[in-house]
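J.: This is the structure alone, sequence omitted:
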C-alpha cells in the first residue's frame, strides 16, 4: 500500500483516479469557462504531476473547450473530473470536490495563471 495516497472519483464512481504525495498547488478559479463547465460561481483545483497520477476506473471523455485546453468528464454521469492544457505539459488539474479522501488547503486566485497565488 502506498503512503500519502489520495483518491478521487466522479459522481457515479465509474471514473476513479489516485496519486501519491502532495499536490503541487491548490487554487480556486472563477473564470467564465470554469463557471460554465461546473455550473457554479467558482471551482477549486489541485495540480498533480502526470507521472504521479493513475486512472483506476473507466477512461474519461474529453471536450476541447478552447484550443489546447481539454475538459475531462465521466461519460456515464457527466461529472467534470480534470482540466488538461498544452500549457501545462507535466501537470494535470483535478477538481478538488472530486477527492474521496481530501484534506487539501486551497489558495484563492482569479484571472491569474494557474499556480500564481494572490
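T.: Cool, the structure landed. Everything quoted here is computed from the prediction, not taken from an experiment.

J.: end to end, how far does stretch 29-45 reach?
T.: Stretch 29-45 has its terminal residues 8 Å apart, counting by C-alpha to C-alpha, to the nearest Å.

J.: What residues of that stretch count as buried?
T.: Residues of stretch 29-45 classed as buried by neighbour count (16 or more other C-beta atoms under 10 Å): 29, 34, 37, 38, 43, 44, 45. To be clear about C-beta, it is placed using only N, CA and C from the backbone, and glycine gets the same treatment.

J.: Among those, which lie within helices?
T.: Using DSSP state H, 34, 37, 38 are the members of the buried residues of stretch 29-45 that sit in helices.

J.: ok so, going back, just the buried residues of stretch 29-45 now: which is nearest residue 21?
T.: Of all those, residue 45 has the smallest distance to residue 21: 16.8 Å, by C-beta to C-beta.

J.: Report the separation between that closest one and residue 76.
T.: Counting by C-beta to C-beta, to the nearest Å, the gap between residue 45 and residue 76 amounts to 22 Å.

J.: And residue 37, by the same measure?
T.: Remark: distance between residue 37 and residue 76 (C-beta to C-beta) = 17 Å.
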